[in-house]
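Q: sequence and predicted structure are below.
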Amino acid sequence: MNTPAVRLGYAPRNALNADELKAGIAARSGARGDGNDIRAWLLNHFYRHVVANFVPARAIESLDEAARALAPAALPAWVAARFGGVAERRDGPTGVALAPVVWIDPAEPTLLALEARLVEFLESRAGTSLAGKLDRINCPQALALWESEHAQMAARIERGWRESRPEAVCTFLDLPNGRFVEFRHDSAQLRAEMAYESYAMRHCLGQFVDRQALTGGYGDRYAQAIEAQHMRLLSFRDTNGQPHVTISVIAHEDGSLEVEQVKGKQNRPPIARYVPEVVACLEALGTNDVMPADCIAIGVVRTPGGWAPIDEVRDTALQASLVARHPMLFAHLAAPTPAVEWFVAARAPQLLQARAPRAAAVRYAMRRLDGARTDEPAPFATEGVGWPGFHASDDDEPNLSPLTA
């Protein structure tokens with residue numbers, strides 16, 4: 001899996017909603033029941049990484065933009081000082097460039113996925129010599145270690161083989177093209193079956209430091225959670241018994257279930273062929289309304305009526321609201337409505353470069369002004385074209401009155 005290079009330190013940047021970001025990290029850590037050392041690391045290094053390096057982040061370049069982003073909350077004094085008077089210029093009074101100011105969506109799916117990856121890394125260190133030294137590792141270093149370890153795991157998987165242990169799983173859901181099996185928390189062969197799943201799927205689920213004793217590392221972290229019934233693990237197996245999708249679900253103390261990950265082979269999203277099976281499994285589980293980045297990546301969403309592919313959501317206002325919140329869902333729509341295209345134009349106009357809008361009004365609003373060739377990226381114009389029924393700012397929830405092309 002190709003991933004962007006990570007910055008080795010923390011960039012000079014200020015987050016307009018820093019308090020909200022830190023509170024969100026603390027709340028999620030508490031809900032997971034993280035240990036004190038992991039919670040402290042997240043509130044220090046992960047928080048600093050989000051503020052300094054996380055993308056996507058919305059640049060704030062004026063007092064008006066800051067006010068709209070924080071509305072209805074009042075602006076902190078430092079923000080008024082940063083953009084007021086002489087500080088409004090690019091350089092401060094001393095000639096030193098001022099640190100950029102950004103607003104970061106605290107519920108951005110990629111942010112939540114990044115946090116989950118780091119928690120996985122930190123928990124895999126339990127019982128190792130690094131366990132008491134976490135604070136010496138900053139967030140970019142931890143991410144680099146995670147990437148390196150997963151590359152090594154992929155190489156080890158290529159050199160090894162494990163057979164499936166059928167007694168370690170039970171049928172959860174029969175489907176026309178196969179079945180979902182659930183890993184048994186009380187099976188003596190649980191870890192061996194996890195190692196098989198990891199080999200077949202080329203992911204880290206069943207990767208143990210000690211491959212003979214099946215202890216340590218990422219596999220130990222997942223196995224302990226399953227054994228304690230804090231997590232449920234399911235695998236879609238075809239009629240020949242070969243795995244194609246792995247789903248991990250967090251089991252909360254109140255009995256609710258939350259989808260954590262939905263992985264295809266090599267940690268990639270499941271291929272389109274298996275989306276119906278994924279939806280059927282999530283529906284059968286009866287999970288809460290949390291939609292992880294893995295689900296967004298394959299166009300699967302949680303609606304008041306249950307899980308469904310975004311293209312099968314018939315309530316046009318709901319569909320538009322989901323796309324406004326997660327613009328990447330646009331790619332999974334065969335015939336997007338004008339409302340959806342307006343929201344994509346506002347939130348992620350680059351998606352309309354590869355796929356021309358169907359609605360004439362949106363096409364006009366997105367016309368090029370610089371005369372560049374159509375195969376070159378260029379700025380778009382949206383000025384002067386009304387958005388019927390749309391009155392929300394970029395920071396408000398969408399106002400979904402009926403839209404027409």
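A: That came in fine, so what should we check first?
Q: residue 70 contacts residue 16, doesn't it?
A: Yes - judged on Cβ atoms under 8 Å, residue 70 makes contact with residue 16 at a distance of 6.5 Å. Bear in mind the C-beta positions are built from the backbone N, C-alpha and C, glycine included.
Q: joint contacts of the two?
A: The contact sets of residue 70 and residue 16 overlap at residue 79 (Cβ atoms under 8 Å, 6 or more residues apart in numbering).
Q: so which of the two has more stuff around it?
A: Using other Cβ atoms under 10 Å, the more surrounded residue of residue 70 and residue 16 is residue 16, with 23 against 18.
Q: any idea how far residue 58 is from the more buried one?
A: From residue 16 across to residue 58, the span is 9 Å (Cβ to Cβ, to the nearest Å).
Q: find residues that contact each of these two.
A: Taking Cβ under 8 Å, 6+ apart as the contact rule, residue 16 and residue 58 both touch 69, 102, 103.
Q: narrow the residues you listed to those in helices?
A: residue 69 (DSSP state H).
Q: out of the shared contacts of residue 16 and residue 58, who's nearest residue 137?
A: The closest of these to residue 137 turns out to be residue 102 (Cβ to Cβ; 24.5 Å).
Q: can you count the residues close to the closest one?
A: The tally of other residues near residue 102 (other Cβ under 10 Å) stands at 22.
Q: next, give phi and psi for the closest residue to it other than its chain neighbours.
A: Using Cβ to Cβ, 6 or more residues apart in numbering and skipping the chain neighbours, the partner closest in space to residue 102 is residue 57 (4.0 Å). Torsion angles at residue 57 (phi, psi; degrees, to the nearest 10) stand at phi -140, psi 140.
Q: doesn't residue 184 make contact with residue 171?
A: No - counting by Cβ under 8 Å, residue 171 does not reach residue 184; the two are 11.1 Å apart.
Q: pick out whichever of the two has more residues nearby.
A: Shown here are residue 171 and residue 184; by other Cβ under 10 Å, residue 184 has more neighbours (17 against 10).
Q: may I have the phi/psi pair for that one?
A: Backbone geometry at residue 184, expressed as degrees, to the nearest 10, gives phi -80, psi 120.
Q: these two touch, right, it and residue 166?
A: No - using Cβ under 8 Å, residue 184 is not in contact with residue 166, being 10.6 Å away.
Q: can you pull the contacts of the residue nearest to residue 102?
A: 13, 102, 103, 104.
Q: reformat the shared contacts of residue 16 and residue 58 as JSON lines; add pLDDT and distance to residue 354.
A: Below are the shared contacts of residue 16 and residue 58 laid out as JSON lines (pLDDT from 0 to 100; distance: Cβ to Cβ, whole Å):
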{"residue": "69", "pLDDT": "89", "distance to residue 354": "28"}
{"residue": "102", "pLDDT": "94", "distance to residue 354": "26"}
{"residue": "103", "pLDDT": "93", "distance to residue 354": "27"}
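Q: show me how this structure divides into domains.
A: With domains defined by automatic domain parsing, the chain comprises 14-149, 166-303, 320-405.
Q: same list (these) but as TSV, adding distance to residue 313.
A: What follows is the domains of the chain, written out as TSV (distance: least, Cβ to Cβ, whole Å):
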stretch	distance to residue 313
domain 14-149	18
domain 166-303	6
domain 320-405	7
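Q: so which of those is the most packed in?
A: Comparing those by mean neighbour count (mean count of other Cβ atoms under 10 Å), domain 166-303 ranks first with a mean of 18.
Q: where does the stretch 1-150 of the chain dip in pLDDT?
A: In the predicted model, the stretch 1-150 of the chain carries pLDDT under 70 at residues 1-9, 85-96, 129-131.
Q: ranges for the strands of the chain?
A: For the chain, the strands defined by DSSP state E occupy 14-15, 58-60, 101-103, 169-175, 178-183, 231-238, 243-251, 257-263, 300-303, 306-309.
Q: packing partners for the last one?
A: On a contact count with 3 or more Cβ pairs under 8 Å, 6 or more residues apart in numbering; DSSP states H and E, strand 306-309 meets helix 275-285, strand 300-303.
Q: just the fifth one next, same as before
A: Here strand 178-183 is seen to pack against strand 169-175, helix 190-201, strand 231-238, helix 275-285 when contacts are counted using 3+ Cβ pairs under 8 Å, 6+ apart.
Q: that strand to helix 275-285, inter-axis angle?
A: Here the directions of strand 178-183 and helix 275-285 differ by 50 degrees (axes from the mean of the first three to the mean of the last three Cα atoms, to 10 degrees).
Q: what about strand 178-183, distance to the chain center?
A: How far strand 178-183 lies from its chain's middle: 25 Å, per Cα atoms, centre = their mean, to the nearest Å.
Q: and the contacts of the lengthiest helix in the chain?
A: Longest helix in the chain, counting residues (DSSP H): helix 139-159. Helix 139-159 is contacted by residues 3, 6-10, 45-46, 48-49, 53, 114, 117-118, 120-122, 137, 198-199, 202, 204, 207, 211, 218, 266-267 when judged by Cβ under 8 Å, 6+ apart.
Q: from these, which land in helices?
A: Short answer: those in helices (DSSP H) are 48, 49, 53, 114, 117, 118, 120, 121, 122, 198, 199, 218.
Q: format these as TSV; extra columns: distance to residue 145.
A: Shown next, in TSV, are the ones in helices among the contacts of helix 139-159 (distance: Cβ to Cβ, whole Å):
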residue	distance to residue 145
48	17
49	14
53	16
114	14
117	11
118	10
120	12
121	7
122	11
198	19
199	22
218	12
